[in-house]
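**Q** Show me the folded form of this:
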Amino acid sequence: MGFSPSSPVTGGAQTGLTSPTYTIVSATAPDTNGKQFAVTALGGTQTGVTAHSVARPFTTTAWIPKTFKVLGTPNPATGVIPNVPNNEYKIITRKGVLPLVDQPNKVAHVTTTIAVPAGADATDPEDIRAMLSLHFGILSAESADIGDMVIDGLL
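**A** This is a model prediction of the structure:
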């Protein structure tokens with residue numbers, strides 16, 4: 001199934017945004033191991049927010065490893081695998097923003113990196129899912145507070 005958000009996406013609560021929604025369409029990802037979507041329309045009240053354009057991108061991209069890592073051979077004497085590599089997945093959302101009036105646009109971004117030790121996907125999927133559930137649950141529950149923190153610099 002993979003990463004396939006349905007449109008429109010309901011945004012998390014944020015100070016100053018009322019019932020934000022984002023209409024997304026599939027877009028070309030920067031590389032073959034990514035899937036990208038661009039925001040083509042906004043819903044709710046989002047005064048001053050712009051949809052995707054070349055000058056002010058508004059995209060979200062999910063990445064999987066180009067090559068999946070596997071577990072090595074255990075040490076014959078100890079039975080321990082000395083190095084357990086991670087498979088890294090990323091979700092990146094980019095938004096063109098204006099740092100100052102009459103200045104060029106810059107791209108702000110938020111990145112979530114998910115590092116899973118090789119083999120854990122097969123032997124401990126429930127704990128990986130619990131980790132993700134907590135992570136995204138906190139991000140969702142704290143969406144407005146995180147937004148305020150990024151704007152006012154208070155933790």
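
**Q** Report the beta-bridge partners for the residue nearest in space to the middle of the chain.
**A** Centroid-nearest residue in the chain: Ile91, 2.9 Å away (criterion: C-alpha atoms, centre = their mean). Beta-bridge pairing of Ile91 under DSSP bridges involves Ala62, Thr112.

**Q** Just the local confidence number for it, please.
**A** The predicted structure scores Ile91 at 96 on the pLDDT scale.

**Q** swap in Gly137?
**A** 91.

**Q** Now the element after the strand or helix carrying it, going C-ward?
**A** Element membership of Gly137, judged by DSSP states H and E, is helix 125-141. Once the chain leaves helix 125-141, the next helix or strand it forms, by DSSP H and E, is helix 143-152.

**Q** Rounded mean pLDDT for that following helix, please.
**A** The pLDDT scores in helix 143-152 average 94.

**Q** again with stretch 114-132
**A** pLDDT averaged over stretch 114-132 gives 95.

**Q** Let's see the distance spanning that stretch from one end to the other.
**A** Start-to-end span of stretch 114-132 (C-alpha to C-alpha, to the nearest Å) is 9 Å.

**Q** Give me the residues contacting it.
**A** Identification of contacts with stretch 114-132 by C-beta atoms under 8 Å, 6 or more residues apart in numbering yields Phe68, Lys69, Val70, Leu71, Val84, Pro85, Asn86, Asn87, Glu88, Tyr89, Lys90, Ile91. For every residue, glycine as well, the C-beta is placed using N, CA and C.

**Q** Contacts only, for the residue nearest to the centre of the chain.
**A** Neighbours of Ile91 in contact, by C-beta under 8 Å, 6+ apart: Phe3, Thr60, Thr61, Ala62, Trp63, Thr111, Thr112, Ile114.
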